[in-house]
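Student: Here is a sequence with its predicted model. Questions after.
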Amino acid sequence: MRQVTHTLTSETNGPGLYEITNRVVDWCQQQSMQKGLLTLFIRHTSASLTIQENTDPDVCHDLQVFFDRIAPQHGSYRHSAEGPDDMSAHVRSILTQSDLNIPVRDGRCALGTWQGVYLWEHRTAPHERCVIVTVQGE
Amino acid sequence: MRQVTHTLTSETNGPGLYEITNRVVDWCQQQSMQKGLLTLFIRHTSASLTIQENTDPDVCHDLQVFFDRIAPQHGSYRHSAEGPDDMSAHVRSILTQSDLNIPVRDGRCALGTWQGVYLWEHRTAPHERCVIVTVQGE
Amino acid sequence: MRQVTHTLTSETNGPGLYEITNRVVDWCQQQSMQKGLLTLFIRHTSASLTIQENTDPDVCHDLQVFFDRIAPQHGSYRHSAEGPDDMSAHVRSILTQSDLNIPVRDGRCALGTWQGVYLWEHRTAPHERCVIVTVQGE
């Protein structure tokens, strides 16, 4: 077994789901790993990772609306030093993922037909986000 | 270190938690891996994975009631092309897990005394669900 | 590639986020693993794991307030045999993580600048909690 690692950076421009499926899948294929596990890790606490349907864009819209309702940006939070949208970003992060595992089979990420990999930005201002991708296998 | 992988399929019949602990634990033991990590990955975005108490069935009932309240099936979603229960299924999926890691020790999954592994179906119609199980270790 | 594993126990004293970053990071460094993946797994269903900001303590306060609102301790749950705070603890557990993955680079956990690792206790009574830490790499 061997392992390879890579840092993927992504520019975001406001709250929403940014699809990174192709970048993850393409990098994985280039490693010529026949089988193993790919792991993603986001180095932030106000942006997160998730796997969701990547066919109908309304799904991402509705997910965003759900979070706006359940963890509103201008809620009555004590933590406000970093802006009125920061605390809701932390809440949304703990409800989603800081890491994801995806199996690798026959040299490819074994995502289901409708699964896409997303970086979910929860802050309003533009950010550069950093995701560490690791594959372990053979 | 070595790795072994397996596909586990599960028939579901409406929303609820379907326990797969025994199937996962038994398969793991058959691999004769003394220590390592077992990883589960579900290839869907309207069903998910979770670890929960597997003693009192009321726990699963209450978890389902919680989701019916927080992400109702007939909410006002824009995404409705796949039926009135599909969007709430996506919301419930992002709030739970698409993957789980469980350590392996002394040839067995090191689950806690009360922990069970569940496939959580969020759709109303019957489905066949696919979970990829991988163990890496020695 | 090789793997090392360790059990970390933590005494808790009521609901809240208990930071375990230093214990995890220090143990990881002692393993002299240059690169790999560190995985944490909690062996309970009424306490969980999360990665969050570890600078302003108000963040942890607001996260706790959020859970008190969304999954109140004295909600109308069917499962009540283990006390009025047990079912809300299960709900909070499924909304957070039972496992976490953190990449290892240059012999260290590659956490982001503001990221801390937390054990989140959801029960009222004092508990001893057990987290299994595994690192795989080289």
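Tutor: Cool, the structure landed.

Student: residues near whichever residue of chain A sits closest to chain C, how many?
Tutor: In chain A, the residue that lies nearest chain C is A:Arg43 (3.2 Å; Cβ to the nearest Cβ). Placement of C-beta: from N, CA and C, glycine included. Here the count is done by other Cβ atoms under 10 Å in any protein chain shown, and A:Arg43 has 20 residues near it.

Student: now do A:Thr124
Tutor: Using other Cβ under 10 Å, A:Thr124 is surrounded by 15 other residues.

Student: Just to check, it is in contact with A:Gly16?
Tutor: No - counting by Cβ atoms under 8 Å, A:Thr124 sits too far from A:Gly16 to count as a contact (10.7 Å).

Student: Report all helices and strands that the top helix by length along chain A contacts.
Tutor: Counting residues, the longest helix found in chain A (DSSP state H) is helix A:57-70. Applying 3 or more Cβ pairs under 8 Å, 6 or more residues apart in numbering or on different chains; DSSP states H and E, we find helix A:57-70 packed against strand A:16-19, strand A:47-53, helix A:86-95, helix B:86-95.

Student: centre of the chain versus the following helix or strand past the first one, how much separation?
Tutor: Pointing back at strand A:16-19 there. Next helix or strand after strand A:16-19 toward the C-terminus (DSSP states H and E): helix A:21-30. The offset between the C-alpha centroid of helix A:21-30 and the centroid of the whole chain comes to 14 Å, using Cα atoms, centre = their mean, to the nearest Å.

Student: Spell out the secondary structure type for A:Val4.
Tutor: Three states are possible here, and by DSSP: H, G, I helix; E, B strand; the rest coil the one that applies to A:Val4 is strand.

Student: number of nearby residues for the nearest residue to it once chain neighbours are set aside?
Tutor: Leaving out its chain neighbours, the residue that sits closest to A:Val4 by Cβ to Cβ, 6 or more residues apart in numbering or on different chains is A:Gln31, at 4.9 Å. Here the count is done by other Cβ under 10 Å, and A:Gln31 has 19 residues near it.

Student: quick one on the thing from earlier: identify the residues contacting the residue of chain A closest to chain C.
Tutor: Under the criterion of Cβ atoms under 8 Å, 6 or more residues apart in numbering or on different chains, the neighbours of A:Arg43 are A:129-132, C:110-113, C:115.

Student: Narrow those residues to those that are buried.
Tutor: Among these, those classed as buried by 16 or more other Cβ atoms under 10 Å in any protein chain shown are A:129-132, C:110-112, C:115.

Student: Any chance of those residues in CSV with secondary structure, pLDDT and distance to A:Asp62 as columns?
Tutor: As requested, those are arranged in CSV below (DSSP: H, G, I helix; E, B strand; the rest coil; pLDDT from 0 to 100; distance: Cβ to Cβ, whole Å):
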residue, secondary structure, pLDDT, distance to A:Asp62
A:Arg129, strand, 98, 23
A:Cys130, strand, 98, 28
A:Val131, strand, 98, 24
A:Ile132, strand, 98, 29
C:Ala110, coil, 98, 33
C:Leu111, coil, 98, 32
C:Gly112, coil, 98, 29
C:Gln115, strand, 98, 29
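
Student: Would you agree A:Arg92 is in contact with A:Pro72?
Tutor: No - checked against Cβ under 8 Å, the pair A:Arg92 and A:Pro72 is beyond contact range at 10.5 Å.
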